[in-house]
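Prediction below, plus the sequence it came from.
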Amino acid sequence: MCGIVGYIGTQSATEILLSGLEKLEYRGYDSAGLATVYNGQIKSVRAKGKLHNLREKLVGIEMPANIGIGHTRWATHGKPEEYNAHPHMDDTGRVAVVQNGIVENYRELRKELENQGHQFVSDTDTEVIPHLIAEFLSGLEGKREAFLEAVRQTLKKLDGAFAIAILCADYPNEIIVARQQAPMSIGLGQGEFFCASDSPALVSHTQVVLSLENREMARLTPLGVEVYNFEGDRLNKLPRILNWSPALVDKHIFKHFMLKEIHEQPNVVRSCLETYINSNWDAKNSQISPTNLELLPSLYKNLEQVEILACGTSRHAGLIGKYLLEQLAGISTTVNYASEARYAPSPMRENTLIIGVTQSGETADTLAALAMEQQRRLDKPAEFQSRFLGITNRAESSIANLVNQIIDIRAGIEIGVAATKTFVAQVMAFYFLAIDLGWQRQYLSGEKIAEIIDGLQKIPAQMEQMLEVQDGQIEDFAHQFNDTQDLIFVGRGINYPIALEGALKLKEISYIHAEGYPAGEMKHGPIALLDDKVPVVAIAIPGLVYEKVLSNAQEAKARDAQLIGVIPENTEADVFDNVLTVPAVDELLSPMLTVIPLQLLAYHIAAHRGLDVDQPRNLAKSVTVE
Ligand code: AGP
């Protein structure tokens, strides 16, 4: 949430900052701004709305500096207006700050500062930071390292989860950055250094990256980067190599990142299979694990229960995970909204594996729920404290500090705000986990495991076949929904979470009101909504609940709803007005395919409406505030 960039080197900072912000705009796009230091003065330019407004505003303004910081905002405190846009300054205009996150105690701090004569011009929590730094700077006048020290003193006063970057007109060759529970990385170039709240802003400049840990800060100068902890100790940190191709953050031939990412799904599944299926596995040899997950024995010893904590699409993957863990491994599983679980935790049981699912690894609600679970186990035996697993696309992200092991879903960076390829990769992680636990607990036979793996191996080609045919077909079909205001998605069993996911995708990018329901639940109330203006999408895959879903679909049709079936090729389609087909597939594996037409439907409806698919209103890719 919110994107931060910074640059210090020999090139003109403004263009580097703007192109970095472009790469981070998916993190927030309510307003944008940047500040540079030149000739001992800070020059700051800010604009309401998307980044192109800032670009337009900068035309004709000379910004020759080689040092600067920039920000793209997702509003938390204060409306998305220019006066709330970052960078924020102290009242002398000597200190400029950009922040990602929330300073929770900003009200008290603001009051204190106002009593000391500081004047505030925004409604934000961030503005207290430059004022505090300026206040400490005035007390440190003439002292060595005063800027660094003033920031350190300021950090001690701030509560909350945030990352910041700071410029000071009196220290024209320094950027100071700090991290407290929100991501901040530093890119090491040749004679130039970058900082960013997320790596896409760095990859076109350098692949050598230092990630700050919690309560670490760094000073960037033209000569290098020094890292300190908040206590002021200098730290030796080794950079890592990203190995990210700049093409990953490029739309390629696609109109939107979301469409590109939908088309990347077959390869994502392939890479998951290559990474996590053990090619040496033999159904007849019970000693060899079918997966390469290499789960820590402490995670599953005497395991009785799993609790999944997640938000949004990741929670939907978790619901499929519940189905798989219960049906394939016989482990009772609960799935909780992370934002709810923190304040109404389930009773603690010793032999519970807690799984946090988050593609970004930075979702504040999920991190807070995991931290709460850790906290309340602190006085319990060690065994009890070490049952935390993370499923994420960003192994280096904050979730790594809260779990004992990570399953890295390796989907590659996802830029579209609507999660697609990370969803299918998370679901794959649950197949692997369920197979692994089913095998460890001797709940699954070798034949069944072989059958599942065989089916999973076919998924990438089946996805490719669907994408090739259906992208164009669904693009045409989507025109029908130009005036639609409500849409219902129904499914049962393992496809119920896909109904939820289809509805979420449609809501978030097309702004059409959509709901996902277990098909059998419609008759208990929601069916009252149906008439000829409310289409119903029913996911009907032959298997355990097929006949039941067809009956529920009939009930909807009898209320005049236009009925759209997501069904396998060559199956009975009479009940449906339209069908979106998937290759014949076992019901157990079907979510991997049934989700695709729903992603495409949401995408094409939104694209036809001319909406900003990759950056839908009011949303941001990683939600780093609670
Ligand atoms: C998905 O399309 C949404 N943008 C959103 O629901 C997302 O899944 C949720 O915010 C959780 O994000 P995470 O996976 O990064 O934790």
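Yep, it's here.

ok, the closest residue to Arg559 other than its chain neighbours - how many residues close by?
Of all residues not flanking Arg559 in the chain, Leu530 sits nearest, at 4.0 Å (CB to CB, 6 or more residues apart in numbering). The C-beta positions use only the backbone N, C-alpha and C, and glycine is treated the same way. Number of residues near Leu530 (other CB atoms under 10 Å) recorded here: 21.

From the ligand, how far out is Leu530?
Distance, Leu530 to the ligand, by CB to the nearest ligand atom, to the nearest Å: 26 Å.

Can you check the pLDDT for that residue?
Confidence at Leu530, expressed as pLDDT, is 88.

What residues does the residue in the stretch 201-350 of the chain positioned nearest to the ligand make contact with?
The minimum distance from the stretch 201-350 of the chain to the ligand, using CB to the nearest ligand atom, falls at Gly312 (1.9 Å). Taking CB atoms under 8 Å, 6 or more residues apart in numbering as the criterion, Gly312 is in contact with Ala419, Leu504.

how far away is it from Thr392?
The gap separating Gly312 from Thr392 is 14 Å, by CB to CB, to the nearest Å.

With Val5 instead?
For Val5, the distance to Thr392 - CB to CB - is 23 Å.

and if you look at Arg342?
Separation of Arg342 from Thr392 (CB to CB): 19 Å.

Specify which residue of these two has the higher count of neighbours.
Thr392 (30 against 20).

Ile355 is in contact with that one, correct?
No. Using CB atoms under 8 Å, Thr392 is not in contact with Ile355, being 10.7 Å away.

Near the ligand, which residues of the stretch 401-550 of the chain are found?
Val417, Ala418, Ala419, Glu508 (CB under 6 Å from any ligand atom).

Secondary structure and pLDDT added to those, as CSV?
Formatted as CSV, those follow (DSSP: H, G, I helix; E, B strand; the rest coil; pLDDT from 0 to 100):
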residue, secondary structure, pLDDT
Val417, coil, 93
Ala418, coil, 96
Ala419, coil, 97
Glu508, helix, 96
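
And the residues you listed, which is closest to Leu295?
Checking these against Leu295 by CB to CB gives Ala419 as the nearest, at 24.8 Å.

The closest one: how many residues sit nearby?
Neighbours of Ala419 under the rule other CB under 10 Å: 28.

can you pull the contacts of it?
Applying CB under 8 Å, 6+ apart to Ala419 gives the contacts Gly312, Thr313, Ser314, Gln359.

Doesn't the second one belong to a strand?
No. Secondary structure assignment places Thr313 outside any strand; it is helix (DSSP: H, G, I helix; E, B strand; the rest coil).

shaky segments in the chain?
1, 625 (pLDDT under 70).

For the top helix by length along it, buried residues please.
Longest helix of the chain, by residue count under DSSP state H: helix 446-477. Residues of helix 446-477 classed as buried: 448-453, 455-456, 459-460, 462-463, 466-467, 470-471, 474-475, 477 (neighbour count, 16 or more other CB atoms under 10 Å).

From the contact counts, what lies against that helix?
helix 257-263, helix 265-276, helix 421-440, strand 578-582, helix 591-608 (3 or more CB pairs under 8 Å, 6 or more residues apart in numbering; DSSP states H and E).

can you tell me how far Leu487 sits from Leu210?
46 Å.

Same drill for these two, tell me which one is more crowded.
Using other CB under 10 Å as the criterion, Leu487 and Leu210 rank with Leu487 on top: 26 against 19.

Mind checking what secondary structure the more buried one has?
strand.

List the residues that contact it.
So Leu487 contacts Phe481, Ala503, Leu506, Ile512, His513, Ala514, Val534, Pro535, Val536, Val537 (CB under 8 Å, 6+ apart).

please redo it, this time with the cut-off set to 10 Å
When contacts are counted by CB atoms under 10 Å, 6 or more residues apart in numbering, Leu487 touches 481, 502-503, 506-507, 510, 512-516, 534-537, 561-562, 564, 601-602, 605.

Check Asn39 too.
By CB under 10 Å, 6+ apart, the contact list for Asn39 reads Pro64, Ala65, Ala169, Pro172.

Likewise for Cys272?
Taking CB under 10 Å, 6+ apart, one finds 407-411, 424-429, 431-432, 456, 459-460 in contact with Cys272.

Kindly indicate which of the residues you listed lies nearest the ligand.
Nearest member of the contacts of Cys272 to the ligand, counting by CB to the nearest ligand atom, is Gln426, at 7.9 Å.

Not counting sequence-adjacent ones, nearest residue to the closest one?
Closest to Gln426 by CB to CB, 6+ apart is Ala317, at 3.6 Å.

In whichever strand or helix holds the one you found, which of the residues would be classed as buried?
Assessed by DSSP states H and E, Ala317 sits inside helix 312-329. Under the neighbour-count criterion of 16+ other CB under 10 Å, helix 312-329 has 312-325, 327-329 buried.

Quick check: next helix or strand after that helix?
With elements assigned by DSSP H and E, the helix or strand that comes after helix 312-329 is strand 332-337.

Show me what that following strand is packed against.
Judged by 3 or more CB pairs under 10 Å, 6 or more residues apart in numbering; DSSP states H and E, strand 332-337 is in contact with strand 305-310, helix 312-329, strand 352-358, helix 364-375.

Is the ligand within reach of that strand?
No. Strand 332-337 does not reach the ligand (CB under 6 Å from any ligand atom); its nearest approach is 10.6 Å.

So what's the residue count around Gln265?
26.

Can you give me the distance of it to Met466?
10 Å.

center of the protein - which residue?
The residue lying closest to the centre of the chain (CA atoms, centre = their mean) is Ser360, at 3.5 Å.

Can you tell me the closest non-neighbouring residue to that one?
Excluding its sequence neighbours, the residue lying closest to Ser360 (CB to CB, 6+ apart) is Ser622, at 3.9 Å.

For Asn100, see how far away the one you found is.
9 Å.

which neighbours do these two share?
The contact sets of Ser622 and Asn100 overlap at Met1, Cys2, Gly3, Arg27, Gly28, Trp74, Ala182, Pro183, Ser197, Asp198, Glu362 (CB under 10 Å, 6+ apart).

The fifth one touches Val98, doesn't it?
No. No contact is recorded between Gly28 and Val98 when judged using CB atoms under 10 Å, the distance being 11.5 Å.

higher neighbour count, these two?
For Gly28 versus Val98, neighbours defined as other CB under 10 Å are more numerous around Val98 (31 against 26).

Need the phi and psi values for that one.
phi -120, psi 140 (degrees, to the nearest 10).

can you tell me the helix or strand for the closest residue to it other than its chain neighbours?
Among residues not flanking Val98 along the chain, His71 sits closest, at 3.8 Å (CB to CB, 6+ apart). Assigned by DSSP H and E, His71 falls within strand 67-73.

That strand pairs with which strands?
Its sheet considered, strand 67-73 pairs with strand 3-8 (antiparallel), strand 31-38 (antiparallel) by DSSP bridges.

For the closest residue to Gly455 other than its chain neighbours, give me its contacts.
The shortest distance from Gly455 to any non-neighbouring residue, by CB to CB, 6+ apart, is to Leu589 (4.7 Å). By CB under 10 Å, 6+ apart, the residues touching Leu589 are Val427, Tyr431, Glu451, Ile452, Asp454, Gly455, Leu456, Lys458, Ile459, Gln462, Ile494, Ile541.

Relative to the whole chain's centre, how far out is stretch 216-234?
Centroid displacement of stretch 216-234 relative to its chain, using CA atoms, centre = their mean, to the nearest Å, is 28 Å.

got it, and stretch 35-55?
28 Å.

Buried residues of that stretch, list them for me.
For stretch 35-55, by 16+ other CB under 10 Å, it's 35-38, 42-48, 50-51, 54-55.

ok, now stretch 601-617?
Quick answer for stretch 601-617 (16+ other CB under 10 Å): Leu601, Ala602, Tyr603, His604, Ile605, Ala606, Ala607, Val613, Asp614, Gln615, Pro616.

Please save the CA atoms from it in CSV.
Written as CSV, here are the backbone C-alpha positions of stretch 601-617 (Å, rounded to 0.1, in the frame of the first residue of the first chain):
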residue,chain,number,x,y,z
LEU,A,601,-15.2,-13.0,-17.8
ALA,A,602,-14.4,-10.4,-15.1
TYR,A,603,-11.5,-9.1,-17.1
HIS,A,604,-13.4,-8.7,-20.4
ILE,A,605,-16.5,-7.2,-18.8
ALA,A,606,-14.3,-4.6,-17.1
ALA,A,607,-12.3,-4.0,-20.2
HIS,A,608,-15.5,-3.5,-22.3
ARG,A,609,-16.6,-0.9,-19.8
GLY,A,610,-13.3,0.9,-20.3
LEU,A,611,-12.3,0.5,-16.7
ASP,A,612,-8.8,0.6,-15.3
VAL,A,613,-8.5,-3.1,-14.9
ASP,A,614,-5.0,-3.2,-13.3
GLN,A,615,-5.7,-0.4,-10.9
PRO,A,616,-9.3,-0.5,-9.9
ARG,A,617,-10.7,2.4,-7.8
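
Nothing else from me, thank you.
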